[in-house]
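Q: What shape does this take:
(chains A and B)
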Amino acid sequence: EDQVTQSPEALRLQEGESSSLNCSYTVSGLRGLFWYRQDPGKGPEFLFTLYSAGEEKEKERLKATLTKKESFLHITAPKPEDSATYLCAVQPLTSGTYKYIFGTGTRLKVLA
Amino acid sequence: NAGVTQTPKFQVLKTGQSMTLQCAQDMNHNSMYWYRQDPGMGLRLIYYSASEGTTDKGEVPNGYNVSRLNKREFSLRLESAAPSQTSVYFCASKTGDSQPQHFGDGTRLSIL
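A: Predicted coordinates:
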């Protein structure tokens, strides 16, 4: 069964304390993996797409990496405004292109 | 830069009442989606429309109907609301097969 698991569920960091969020997936072939940021009361905001193992994408303090079984979202020297829930979604290769499997997210809190 | 617009933002219904959630996108996207988000669960697909004129069931379609009114608009209808349908509903759209989805800010629905 296709599955996406994110860890940890919640993470508290001091401002400037770098860390990584994990997205592990079990699918029969990967069409794409997507990272989103969700602020309270808002919809998910698209961050990155990764398509193949070894690929990396970077934006400001965020860097996403991909292996054959998991993806990491690295946050370097985070600021309080990086506090949000980060969602991972996987689009399996063997399902229709409509299918996206979402993880339950990691709630990140960055303290000043 | 409106993107995906959902109305209403909040709604309280009584059990058995009906209502329609509206969604419109101005990005000329072909595909549109309706999800529900519940605590501790990933986003779950209710219905989707791969292109104008087509709609299909997702993972949790029971109790819902949809209409793809035109390329821009995709509505979700609850014919007889039940407390189990209390949730946050998100509409999303995307342009192509392996592209990310773009989300609206959601409708927070409570059914008493």
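
Q: Next, residue B:85: phi, psi?
A: The phi/psi pair for residue B:85 (degrees, to the nearest 10) reads phi -90, psi 0.

Q: so the residue nearest the centre of chain B, which of the three states?
A: A centroid search over chain B (C-alpha atoms, centre = their mean) returns residue B:34, at 2.9 Å, as the residue closest to the centre. Following DSSP: H, G, I helix; E, B strand; the rest coil, we place residue B:34 in the strand state.

Q: Kindly report the same for residue A:20.
A: With three-state DSSP as the criterion, residue A:20 reads strand.

Q: what's near enough to touch it?
A: Residue A:20 makes contacts with A:72-75, as judged by C-beta atoms under 8 Å, 6 or more residues apart in numbering or on different chains. All C-beta atoms are positioned from the backbone trio N, CA, C, and that covers glycine.

Q: Who is the residue nearest to the centre of chain B paired with across the strands?
A: Per DSSP bridges, the residues bridged to residue B:34 are residue B:47, residue B:91.

Q: Wait, it touches residue B:48, no?
A: Yes. Using C-beta atoms under 8 Å, residue B:34 is in contact with residue B:48, at 7.2 Å.

Q: Chain neighbours aside, what residue packs nearest to residue 95?
A: Picked chain A for this. Nearest residue to residue A:95 in three dimensions, chain neighbours excluded: residue A:2, at 7.4 Å (C-beta to C-beta, 6 or more residues apart in numbering or on different chains).

Q: Switch to chain B, please.
A: In space, residue B:95 comes closest to residue B:29 once its chain neighbours are excluded; the distance is 4.9 Å by C-beta to C-beta, 6+ apart.

Q: OK, contacts around that neighbour?
A: Residues counted as contacts of residue B:29 (C-beta under 8 Å, 6+ apart) are B:93-95, B:102.

Q: Let me see the contact set for residue 27.
A: Let's take chain A. By C-beta under 8 Å, 6+ apart, residue A:27 lies in contact with A:2-3, A:90, A:92-94, A:101.

Q: think we crossed wires, I meant chain B
A: Contact analysis of residue B:27 by C-beta under 8 Å, 6+ apart lists B:3-4, B:93, B:95, B:102.

Q: Look up how far residue B:58 lies from it.
A: 21 Å (C-beta to C-beta, to the nearest Å).

Q: Get me the contact residues on chain B for chain A.
A: Within reach of chain A by C-beta under 8 Å from any C-beta of the partner chain, chain B has these residues: B:4, B:31, B:33, B:40-45, B:48, B:50, B:56, B:58, B:90, B:92, B:97-106.

Q: Inside strands: which ones of those residues?
A: B:4, B:31, B:33, B:44-45, B:48, B:56, B:90, B:92, B:102-103 (DSSP state E).

Q: Which of the residues in stretch B:22-34 are classified as buried?
A: By 16 or more other C-beta atoms under 10 Å in any protein chain shown, the buried positions in stretch B:22-34 come out as B:22-25, B:29, B:31-34.

Q: cool, and stretch B:48-58?
A: By neighbour count on 16+ other C-beta under 10 Å, the buried set for stretch B:48-58 is B:48-50, B:55, B:58.

Q: What of stretch B:59-68?
A: B:60-61, B:64, B:66, B:68.
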